[in-house]
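[1] mind folding the following:
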Amino acid sequence: MIGDYVYVLASSPIYLMDEEPILPEIVDGKHSIRVDPTSIYYSNTSDFYKVFTVVVAINVKDPSEPITYETFLFGYASCIYVSLNNIYVAVPSHSENGITTEIHKIHIEGGKIEYELSGSVPGLVLNQFSMDEYGGYFRIATMANQQVFRGLFSTITSGESENPIVSNVYVLNMSLAIVGGIEGLAPGERMYLARFIGNRCYLVTFKKVDPLFVIDLGDPANPKVLGKLKIPGYSDYLHPYDENHLIGIGKWTVEAEEGDFTWYQGVKISLFDVSDVEHPRGIDNIIIGDRGTDSPVLHNHKALLFDKKLNLLAIPFYWLR
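    Here you go, the predicted model:
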């Protein structure tokens, strides 16, 4: 919801009836609107399969205002990011340079919905926190497989890691052209979270320990890693406590005595001090439960309640027995 308007996004694969596609339909009370096929925006970028994405704007203060909508044929929309003026739809795709993410920018202003343009970056996004609009730039963090990855800012050989995964951070202008980036972070480690806060990007990757990367985006054309912290376990979600502290929520892990892996244990809540960006540090943590303990917060940030004024942090947990 932005101002008086609620924006609804709905996606559905194309289904055929008598060899004709079933077109999206919008029902407002007893009034039904079937989308005109000539009004559907179509992207000819190859994708995994064809999907309708409908964006609807509803004025909740004025029911007499007609519902406005636009329909797009993008492909599978893996996740979205919404700023006050734009909706960014991320769509995985294949290209000659490997797996990429197509980014479609849709401008929203009141009841106005207008497709603007698209761009692409190497790799795949993790979730909505992997994207951000700030200071006239769009920032995005992705994961890529080294065997199919063709970097723009670095070259990595597959022999550097048994598990050919790398993490990347890109900065794009409002025309969705890449202006800067960092590639090849933490070879062989999977990205567990990305969080953009102001001119910084915080990135967590994990294989046996949790490197928390602090990345400076103050110069969009020249992002750089300021520092990193390696500690046991990992964080799935990062929440700002104040300007210099972050709350990390994830899992405690124990390295296996045999084999190149770790055992997941209880839920770990950490407090990080990032006031010295070159030397971030963990200043406190608590581990709740043991192996089999989990929390919806690790998969859904809306399960977290945090109120700094009340000094309150509330998280649901469950145990597997």
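[2] could you use CA atoms for every contact and neighbour count after this?
    Noted.
[3] can you list the strands that the host helix or strand of P211 pairs with?
    P211 belongs to strand 210-216 when assigned by DSSP states H and E. Sheet pairing here is set by DSSP bridges, and for strand 210-216 it gives strand 200-206 (antiparallel), strand 224-231 (antiparallel).
[4] and those: which comes nearest E183?
    Judged by C-alpha to C-alpha, the one of those that comes nearest to E183 is strand 224-231, at 10.3 Å.
[5] mind listing what's buried along the closest one?
    Buried residues in strand 224-231, defined by neighbour count with 16 or more other C-alpha atoms under 10 Å: 224-225, 227-230.
[6] what's downstream of that strand, the next helix or strand?
    strand 234-242.
[7] now the following helix or strand past that following strand: how far from the chain's centre is it?
    Note on strand 234-242: by DSSP H and E, the next helix or strand toward the C-terminus is strand 245-255. Its chain's average C-alpha position is 19 Å from that of strand 245-255, according to C-alpha atoms, centre = their mean, to the nearest Å.
[8] residues making contact with strand 245-255?
    208, 232-241, 261-275, 287, 297-298 (C-alpha atoms under 8 Å, 6 or more residues apart in numbering).
[9] at 6 Å what do you get?
    233-240, 262-274 (C-alpha atoms under 6 Å, 6 or more residues apart in numbering).
[10] what ranges of the stretch 201-321 of the chain fall below the confidence cut-off?
    208-210, 256-261, 320-321 (pLDDT under 70).
[11] what's around the residue lying closest to D273 once chain neighbours are set aside, how many residues?
    Spatial nearest neighbour of D273, excluding adjacent residues (C-alpha to C-alpha, 6 or more residues apart in numbering): H245 at 4.7 Å. H245 is flanked by 18 other residues according to other C-alpha atoms under 10 Å.
[12] cool, and A314?
    Counted with other C-alpha under 10 Å, A314 comes out at 10.
[13] how about C79, what does it touch?
    90, 128.
[14] please begin residue numbering at 5 from this point
    Yep, numbering from 5; the last one is C83 now.
[15] so what sits opposite it in the bridge?
    Beta-bridge partners recorded for C83 (DSSP bridges): A94.
[16] no further questions, thank you.
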